[in-house]
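Peer 1: Let's see this in three dimensions:
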Amino acid sequence: MRIAVTTPTGNVGRHVVATLIRAGIRPRLLLREPDRLACDVREEVDAVRVDQYDADAVVAATAGIDALFWVDPTTGGEDPLADYARATESVVRAVTENGIGRVVFQSSVGAEKRHGAGEIDGLAHTETALDDTGVDVVHLRCGYFFTNLELQLDALRAGVLEVILPLDQPMAWVAPRDIAEVAATRLLSPAWSGRRVQAVHGPADLTWRQVAEILTAATGRRIDVRRIDDDAMRARLRQAGMTDGLVEAVLGMSTGLREDFVPEQRRTIHTTTPTTLTAWAHDHLRHRILDAADAPDATGESAAAGEHASGR
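Peer 2: Predicted coordinates for the structure are as follows:
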């Protein structure tokens with residue numbers, strides 16, 4: 001089986017690559033900077049330098065591929081939805097021109113709304129475009145990534161998180177490694193076809209108050225969470241260097257899902273994954289908050305992210 005993986009150095013992609021290698025697959029990796037791959041990984045993959053916004057390059061890089069793990073690349077431009085549309089054109093052309101048989105697409109909880117969820121609308125567009133090709137496709141509707149907390153290291157060190165969702169509103173939180181496990185399983189399994197939606201909800205729905213309590217216990221440092229209004233969050237995102245268009249897209253991921261939103265898929269054994277926020281925080285976050293030597297690495301990372309952002 002010939003499998004291609006996009007964003008193979010990302011929070012999810014690097015684990016997808018490792019899982020495929022362990023399964024005996026030599027994946028083809030599409031990425032802008034092949035030199036970012038670890039030396040031991042380079043020996044086990046076929047790396048192709050590709051900009052996912054370049055449809056011709058993506059088509060050429062996926063020739064002969066049977067299955068594709070597709071992640072829309074992170075956008076930082078003034079019109080994020082236009083960037084998503086460009087990336088969508090690339091994957092649609094690759095699927096249709098190369099006859100790729102199946103696609104696993106990393107989407108997000110909220111894409112089922114189709115409109116009104118900020119940057120998530122771009123993922124919804126990719127979903128519908130892939131559906132229109134008739135390819136066998138699984139849309140992974142992922143919850144909020146644990147790793148998004150790493151974007152707020154300075155705030156966590158200061159002992160406070162600022163969010164715009166109600167503090168007692170529960171939502172799905174998930175470890176990227178668990179998403180990768182689901183993605184790799186779907187890529188390798190012959191037991192499905194057609195259009196599927198696979199929610200990836202993590203082990204439990206958590207409120208922001210519960211998250212603060214978990215982080216406090218995991219780090220031994222008191223962390224509080226407080227709700228701020230939308231304009232205050234806009235100001236913080238602009239201070240982080242985001243364009244006005246990106247600010248509204250990021251903000252919309254929260255504002256679009258905080259009023260009467262119910263995910264299309266309820267939590268079941270099929271959507272629940274094992275890694276807890278407590279375990280992840282102990283393994284990946286605790287030392288970064290407590291180790292003062294790590295502080296310079298957090299420069300510019302203190303901006304709050306949209307609460308439903310899917311960290312690539």
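Peer 1: now V225: how far from I289?
Peer 2: To I289, V225 is 15 Å away according to C-beta to C-beta, to the nearest Å. To be clear about C-beta, it is placed using only N, CA and C from the backbone, and glycine gets the same treatment.
Peer 1: Between those two, which has more neighbouring residues?
Peer 2: For V225 versus I289, neighbours defined as other C-beta atoms under 10 Å are more numerous around I289 (24 against 19).
Peer 1: Assumed that one was part of a helix.
Peer 2: Yes: counting by DSSP: H, G, I helix; E, B strand; the rest coil, I289 is part of a helix.
Peer 1: And it, how far from M171?
Peer 2: 22 Å.
Peer 1: how many other residues sit next to R186?
Peer 2: Neighbours of R186 using other C-beta under 10 Å come to 20.
Peer 1: which residues sit in contact with it?
Peer 2: 104, 138, 140, 192, 198 (C-beta atoms under 8 Å, 6 or more residues apart in numbering).
Peer 1: ok, which pair from those residues is furthest apart?
Peer 2: Based on C-beta to C-beta, the longest span within the contacts of R186 runs between L140 and W192 and measures 13.0 Å.
Peer 1: okay, the two: which has more neighbours?
Peer 2: L140 (25 against 11).
Peer 1: okay but the more buried one is in contact with A111, surely?
Peer 2: No: the criterion here is C-beta atoms under 8 Å, and L140 misses it with A111 at 9.9 Å.
Peer 1: What segments of the stretch 151-300 of the chain are helices?
Peer 2: If DSSP state H, counting those that start in this stretch is used as the criterion, the helices of the stretch 151-300 of the chain fall at 153-158, 176-188, 208-219, 230-239, 244-255, 277-280, 286-290.
Peer 1: Buried residues in the least confident helix or strand in the chain by mean pLDDT, which are they?
Peer 2: One helix or strand of the chain scores below all others by mean pLDDT, DSSP states H and E: helix 286-290, with a mean of 87. Under the neighbour-count criterion of 16 or more other C-beta atoms under 10 Å, helix 286-290 has 286, 288-289 buried.
Peer 1: cool, and stretch 152-169?
Peer 2: 152-153, 155-157, 161-165, 169.
Peer 1: show me where pLDDT drops low in this protein?
Peer 2: 292-312 (pLDDT under 70).
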